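Engineer: what's the 3D shape of this:
(2 chains)
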Protein chains: 2
Amino acid sequence: MANDRIVIDVMGGDHAPDVVLDGVALVCNPESELHVDPSRLILVGDETVTREGLRTRACTSSVAVQHAAEVIGMDEKPGVALRAKPGASIPIGVGCVRAGEAGAFISMGNTGAVVGAATLGLGTLEGIRRPGIAITTHMTGRPVTILDMGANVVPKPAHLLHYALMGSTLASDVDGIESPRVGLLNIGEESSKGTDLLRAAHELLTESPLNFVGNVEAGEIFGEDVDVVVTDGFTGNVFLKTLEGLSAFMLTQVTEQLDAHQAGWGGEVLADLRHHVDYSEYGGALLLGVNGVVIIGHGRSDERAVANAIRQAARALDVDVNADIVRALAPKTS
Amino acid sequence: MANDRIVIDVMGGDHAPDVVLDGVALVCNPESELHVDPSRLILVGDETVTREGLRTRACTSSVAVQHAAEVIGMDEKPGVALRAKPGASIPIGVGCVRAGEAGAFISMGNTGAVVGAATLGLGTLEGIRRPGIAITTHMTGRPVTILDMGANVVPKPAHLLHYALMGSTLASDVDGIESPRVGLLNIGEESSKGTDLLRAAHELLTESPLNFVGNVEAGEIFGEDVDVVVTDGFTGNVFLKTLEGLSAFMLTQVTEQLDAHQAGWGGEVLADLRHHVDYSEYGGALLLGVNGVVIIGHGRSDERAVANAIRQAARALDVDVNADIVRALAPKTS
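Structural biologist: Sure thing, here's the model as predicted:
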């Protein structure tokens, strides 16, 4: 079936196209632990550059290439760029999914442009009004999914309910968590805490069939008591930036102090921790709620992060998360 | 003058009254680097317990004691507790400031009760509509002040302008920063980013005489480019809980990995870093905007944190932050 194919934006990200092509070469290698069947891949970008890149990486066999004449830069305004550049790799790649030539699209490029192109181009899943961006962190050694990370800055209560349902389906389908515990990010446990939005969402979640454990505070994300955390896109984005900024800062500090004690210790002792706190080790962010699997990798992704995003797309297609989301949303007929 | 005196809630905090009394004893010790003139202190709490605690700590000389028959617990609902217990240490302590017997009040107790009692009991400074909670972190080795941390969950644009002005005055008066750089916490640099609240606040800040550097993302708080960060109380509280949760989690992880390499290394190498990331080393949170200096210490404060909060109160009184805030707010007559 055409739908198990994965479109990859070769031109997106801070180190494109090289790092993206390196990641593709990594999954194409049958010896790699990150191997994915190359015939599932469609690369979108400048055709000459892409084919040459595949050739120099000895990876020409069965990877398809789709030409895109333009590129949307990381700092371009999404709406303006999408109107001005219909031939860019992001809209062309989304178009492949829309046309049924593939089931998934991956880009390390401009987040706003990917969200815009995917939302408009693919439409939302039956019953979903607004897509949300989910990340799954493995910081504490087990998966915790958090959404929305910035697609929907001022959501309505029903959107948060849908995020809970989508996050729960993802945690169950992809991470194998039975009846995932869903929490609502708030500044206190009591249902009366927070904003009008949160009080209304708390009520909807309490009435839902989800395993809703109530309000959770941000610190609990680093604990053991919650599998899915739901929040608005503004708060989620601040949380994510705090996570990235603080963990990078602390790792730098610890490395410096260790190296001051004994040269070389920093890198050696902290390798495991670096691996854990780096969520790109586990793929990119998933744009949940659109008609297709859409993954937004970090702009700073290295080849391993690209390869992990490709594997994440393959997994989401194989378990068919979207079908389960639609099933969970459908009115019950008993 | 009576106004340089500091009232301390002996009954507030997870380890009250012992840890609070230990902190008082620490500042009373003339040999301590954290010394504060004991005649400036008024302890509020159960009189027998407090006097006995001072006696066993050989610290009886000139510390005043004000009896309070009741205690508001950490988990009590603030509004209910304040109505039910007018004789509790928090309202009695705030009453001392209101009556002009002291200029500052410190509690490690129930944050909501302190905010409620201080706002109602002391009133707001001329021109300020809503108080805000400020913390100053020294994580990166230099002070960054962030507010509001949860007093005002759904602020108006003018409140954020006032937080900027109060935070800027604090950074200038207490930390000696000339023309502090003020940033608005947002999810992107452009002035169009975020919510209606943030767009309106961005406009007010741009027109203000403050050194407004525009929107900042959460990660920039760990950088070098901003001295004061303004946000709503919901986002601020999520940021603070993320900071506490993640830094505690990472320190535990790093310590475990170090100790796995060589027993005892964890504690030794990380002492400096622990010191830096622990904002209680620099005092408590300051409730800015009320008629008086009000400091809310962390419930888990140890004796050093209590002592630092007392010194912080003394410093805020000595430099008279509130007078400078009122001056900065007053209509210019030229």
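
Engineer: report the contact partners of A:Thr235.
Structural biologist: A:Leu185, B:Phe234, B:Thr235, B:Val238 (CB atoms under 8 Å, 6 or more residues apart in numbering or on different chains). Using the backbone N, CA and C atoms, a C-beta is placed for each residue, glycine as well.

Engineer: count of residues packed around the first one?
Structural biologist: The reference is to A:Leu185. By other CB atoms under 10 Å in any protein chain shown, the residues close to A:Leu185 number 26.

Engineer: and for it, nearest residue in space, chain neighbours not counted?
Structural biologist: Excluding its sequence neighbours, the residue lying closest to A:Leu185 (CB to CB, 6 or more residues apart in numbering or on different chains) is A:Thr231, at 3.9 Å.

Engineer: and that neighbour, what is it in contact with?
Structural biologist: A:Ile146, A:Leu147, A:Asp148, A:Leu160, A:Leu184, A:Leu185, A:Phe239.

Engineer: give me the distance between the closest residue to the second one other than its chain neighbours and A:Ile146.
Structural biologist: Read it as A:Leu147. In space, and not counting its chain neighbours, A:Leu147 is closest to A:Ala134: 3.8 Å by CB to CB, 6+ apart. Noted for A:Ala134: a distance of 7 Å to A:Ile146, by CB to CB, to the nearest Å.

Engineer: which neighbours do the two have in common?
Structural biologist: Listed contacts common to A:Ala134 and A:Ile146 are A:Gly167; contacts here mean CB under 8 Å, 6+ apart.

Engineer: return the closest of the contacts of A:Thr235 with respect to B:Arg57.
Structural biologist: Nearest to B:Arg57 among the contacts of A:Thr235: B:Val238, at 38.5 Å, using CB to CB.

Engineer: so the closest one, which state does it fall into?
Structural biologist: When classified by DSSP: H, G, I helix; E, B strand; the rest coil, B:Val238 comes out as helix.

Engineer: ok, A:Asn110 to B:Val230 distance?
Structural biologist: 28 Å.

Engineer: looking at those two now, which is surrounded by more residues?
Structural biologist: Per other CB under 10 Å, whichever of A:Asn110 and B:Val230 has more neighbours is B:Val230, with 33 against 27.

Engineer: I'd say the more buried one and B:Tyr163 touch.
Structural biologist: Yes. In this structure, B:Val230 is within contact of B:Tyr163 by CB atoms under 8 Å, at 4.9 Å.

Engineer: what's stretch A:95-104 in contact with?
Structural biologist: A:2-7, A:42, A:44, A:66, A:105, A:121-122, A:292-295, A:313-314, A:316-317.

Engineer: how about stretch A:34-49?
Structural biologist: With CB under 8 Å, 6+ apart as the criterion, stretch A:34-49 contacts A:4-11, A:16-17, A:24, A:26-29, A:50, A:54, A:59, A:61-69, A:71, A:89, A:92-93, A:96, A:101-102, A:304, A:307-308, A:310-311, A:314.

Engineer: now swap in stretch A:163-175 and tell me
Structural biologist: A:128, A:132, A:134, A:136, A:143, A:145-148, A:155, A:177-180, A:182, A:184, A:205, A:208, A:210-212, A:227-230, A:286, A:288-289, A:315-316, A:319-321, A:324-325, A:328-329.
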